[in-house]
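Chemist: Sequence and computational prediction follow.
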Amino acid sequence: MDNLSTKLHTVDNWRRVLEIIKNQVSTSNFKAWFAQTKAEAGDGVLTVEVQSAYIKEQLSTKLSNVLGSAVGEVFGPEIKVQFKVNPGLIQKEDLMDIDFALTPNKSQTAVLNLNPKYTMESFVVGLSNNLAYAAAQAVIQNPGVSYNPLFIYGGTGVGKTHLMQAVGNSLAKKNPGIKIIYCSSERFTNDLIESIQTKKTNPFRNKYRSCDLLLIDDVQFIAGRDSTQEEFFHTFNELQAKNAQIVLTSDRPPGEMQKLESRLASRFQGGLMVDIQNPDFDTRVAILRAKCAERKESIAEECLTAIAEAMPTNARELEGKLIQIIQTLKLSGKPVCFDEVKKLLGHPTAAGQKLDYKKVISGINQYFNIKMADIIGPRRKKELVLPRHLIMYLLYQECKLPYERIGELLGGRDHTTIMHGVEKISKNRDKDRELQRILLEVRQSLQ
């Protein structure tokens, strides 16, 4: 690849990074810290140009997890990020004015905030998800006609987001000019609030109501938010009236969403509702096999079988256990063989054996050198966010406690707060190497 091609490739990838970030932070934060940036890649290093030392400090500290996660997803986990201060840096185009979701070009998935790895081909089909897969295929063949909306529900880590984004990627490939919006319900809410505060509700409505395909992740979070439900109701109606396809994911069916308006519940149930369960044994083995191929790891079939037998759980946890085993053995200089894998699976933290919740909370507090009073208290200081989320995640994954019980232990926090914390760690775990290291060290300390 020549220098010009390399530069164009980096520019395109940096736009992808910015679009991912744009869907995770508020518009004001994006404009303040990310809109006026440039990037160059070379020799395994991504150099990000910023206008001031203060912006550099913010990106390298408070916003490092957001930036690192997005960079890792686009450029790969091995690339290192460094910063260069350029006071004269001025973007020729204002990135705030670019409507990524509605700008088709030759790199369609790059501007849609869709993960190119999430395809129908890479989705492992089994008894637990074959109906959802078939429904997604039908939507791809006849968008806006077959099932509208397509409502996919299931627990954390079962593949809802993968399947939803695979629909988007397939339709983008099939119809290069299609207008697609993919975002979480939180992003929809934040955009709505921002539009009201800045008195720009018309651009907001034009954006969401002019698309051909609307993909909304975790739609359960709009329940109880009156303004969001009102706006989403009218958006839904306008899109459906023009036969635009709508795909929604949730952790539960509409009938189980407390404080969801009946008119929205009725519309969600008006298409096809499909659930995805935790994978059966054969599907778990197939998932592990696919993840090994994706990571270019050669692991014996008997090892994969042992992991699948020990982990009657979802795809995300399966992948997490696979990565944990590989990293643990490589760090200790041991081969990834059946005997070593069985030893690790036989540890008390393996599936079917629960850790004591008091030990988990105490272990996190000791690791970060913080007090229990701070963890259960109302303060939202940066240094408390990650420890809290880790406690939520480990109490849910390792101790198998329900969200409500975890909330009680952490000062009376509600169900959605705990769910958000668990999902935050689950989603970042496989992309954030620092988080992987912390989880590994914490788990080792609990042995």
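Modeler: Alright, I've got the coordinates.
Chemist: Let me have stretch 272-280 in PDB, keeping just the CA atoms, if that works.
Modeler: This file holds the C-alpha atoms of stretch 272-280, laid out as PDB (Å, rounded to 0.1, in the frame of the first residue of the first chain):
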ATOM      1  CA  LEU A 272     -42.300 -10.800  15.100                       C
ATOM      2  CA  MET A 273     -40.900 -11.400  18.600                       C
ATOM      3  CA  VAL A 274     -38.100 -14.000  18.800                       C
ATOM      4  CA  ASP A 275     -36.000 -14.900  21.800                       C
ATOM      5  CA  ILE A 276     -32.400 -16.200  22.000                       C
ATOM      6  CA  GLN A 277     -31.500 -18.600  24.800                       C
ATOM      7  CA  ASN A 278     -28.200 -19.700  26.100                       C
ATOM      8  CA  PRO A 279     -26.600 -22.100  23.600                       C
ATOM      9  CA  ASP A 280     -26.800 -25.800  24.000                       C
END
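Chemist: Go ahead and name everything in contact with that stretch.
Modeler: 124, 126-129, 131-132, 135, 146-147, 149-155, 158-160, 163, 253-254, 287, 312-315, 318 (Cβ atoms under 8 Å, 6 or more residues apart in numbering). Every C-beta, even on glycine, is put in place using the N, C-alpha and C of the backbone.
Chemist: Tell me the buried residues in it?
Modeler: 272, 273, 274, 275, 276, 278, 279 (16 or more other Cβ atoms under 10 Å).
Chemist: Check stretch 313-332 too.
Modeler: 313-326, 328-329.
Chemist: what about burial for the contacts of stretch 272-280, which qualify?
Modeler: Counted by 16+ other Cβ under 10 Å, the contacts of stretch 272-280 give 124, 126, 128-129, 132, 135, 146-147, 149-154, 158-160, 163, 253-254, 287, 313-315, 318 as buried.
Chemist: Sitting in helices, which of these do you find?
Modeler: If you go by DSSP state H, the buried ones among the contacts of stretch 272-280 have 132, 135, 160, 163, 287, 315, 318 in helices.
Chemist: what residue ranges in this structure score low on pLDDT?
Modeler: 1-9, 90-112, 347-355, 430, 447 (pLDDT under 70).
Chemist: how's it carved up into domains?
Modeler: 3-94, 110-276, 281-341, 357-445 (automatic domain parsing).
Chemist: Break down this protein into its strands, ranges please.
Modeler: 38-42, 45-50, 80-85, 150-154, 180-184, 213-217, 245-250, 272-276 (DSSP state E).
Chemist: and of those strands, who's closest to residue 31?
Modeler: Closest to residue 31 of the strands of the chain, according to Cβ to Cβ: strand 45-50, at 13.6 Å.
Chemist: Return the alpha-carbon coordinates of that closest one using CSV.
Modeler: Output of strand 45-50 as CSV, limited to C-alpha atoms (Å, rounded to 0.1, in the frame of the first residue of the first chain):
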residue,chain,number,x,y,z
VAL,A,45,1.3,3.3,16.6
LEU,A,46,-1.6,5.6,16.1
THR,A,47,-0.7,9.3,16.5
VAL,A,48,-3.7,11.4,17.4
GLU,A,49,-3.3,15.1,16.8
VAL,A,50,-5.1,17.5,19.2
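Chemist: what's that strand in contact with?
Modeler: 36-41, 56, 59, 67, 71, 75, 79-86, 89.
Chemist: Which residues are in contact with residue 271?
Modeler: Per Cβ under 8 Å, 6+ apart, neighbours of residue 271: 147, 148, 149, 150, 151, 246.
Chemist: no no, residue 300
Modeler: Applying Cβ under 8 Å, 6+ apart to residue 300 gives the contacts 337, 338.
Chemist: hmm, back to that, please render the ones in helices among the buried ones among the contacts of stretch 272-280 as JSON lines that adds distance to residue 368 to the earlier fields.
Modeler: As requested, those are exported to JSON lines (distance: Cβ to Cβ, whole Å):
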{"residue": "132", "distance to residue 368": "39"}
{"residue": "135", "distance to residue 368": "44"}
{"residue": "160", "distance to residue 368": "31"}
{"residue": "163", "distance to residue 368": "36"}
{"residue": "287", "distance to residue 368": "33"}
{"residue": "315", "distance to residue 368": "29"}
{"residue": "318", "distance to residue 368": "28"}
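Chemist: Pick out the most distant pair among those.
Modeler: Spanning the widest gap among these are 135 and 318, at 23.2 Å by Cβ to Cβ.
Chemist: quick one: buried residues of stretch 419-434?
Modeler: 419-426, 428-432.
Chemist: and that stretch, how far from the chain's centre?
Modeler: 8 Å (Cα atoms, centre = their mean, to the nearest Å).
Chemist: could you measure residue 284 against residue 133, distance?
Modeler: Distance of residue 284 to residue 133, given as Cβ to Cβ, to the nearest Å: 16 Å.
Chemist: Which one's more surrounded, these two?
Modeler: Taking neighbours as other Cβ atoms under 10 Å, residue 284 and residue 133 compare with residue 284 leading, 27 against 19.
Chemist: hmm, back to that, which among the contacts of residue 271 gets closest to residue 221?
Modeler: residue 151 (14.8 Å).
Chemist: what bridges to the closest one?
Modeler: Going by DSSP bridges, residue 151 is paired in beta bridges with residue 248, residue 273.
Chemist: can you tell me how far it sits from residue 164?
Modeler: Taken as Cβ to Cβ, the span from residue 151 to residue 164 is 11 Å.
Chemist: what do those two both touch?
Modeler: With Cβ under 8 Å, 6+ apart, residue 151 and residue 164 have common neighbours residue 249.
Chemist: Can you tell me the closest non-neighbouring residue to residue 399?
Modeler: In this structure, residue 399 finds its nearest non-sequential neighbour in residue 357, 4.6 Å apart by Cβ to Cβ, 6 or more residues apart in numbering.
Chemist: May I have the residues that are in contact with the one you found?
Modeler: 395, 399, 401, 409.
Chemist: Just the buried subset of the residues you listed, please.
Modeler: Neighbour counting with 16+ other Cβ under 10 Å marks 395, 399, 401, 409 as buried within the contacts of residue 357.
Chemist: pretty sure the first one is touching residue 409, no?
Modeler: Yes. Under the contact definition of Cβ atoms under 8 Å, residue 395 touches residue 409, with a separation of 7.1 Å.
Chemist: Give me the common contacts of these two.
Modeler: What both residue 395 and residue 409 touch, as defined by Cβ under 8 Å, 6+ apart, is the set 357, 361, 401.
Chemist: circling back to that earlier point, from the contacts of residue 271, which is closest to residue 415?
Modeler: Using Cβ to Cβ, those come closest to residue 415 at residue 151, 20.5 Å.
Chemist: what's the neighbour count on residue 52?
Modeler: 13.
Chemist: Just give me the neighbour total for the closest residue to residue 442 other than its chain neighbours.
Modeler: For residue 442, ignoring the flanking residues on the chain, the nearest one in space by Cβ to Cβ, 6+ apart is residue 367 at 5.6 Å. The local packing of residue 367 (other Cβ under 10 Å) involves 15 other residues.
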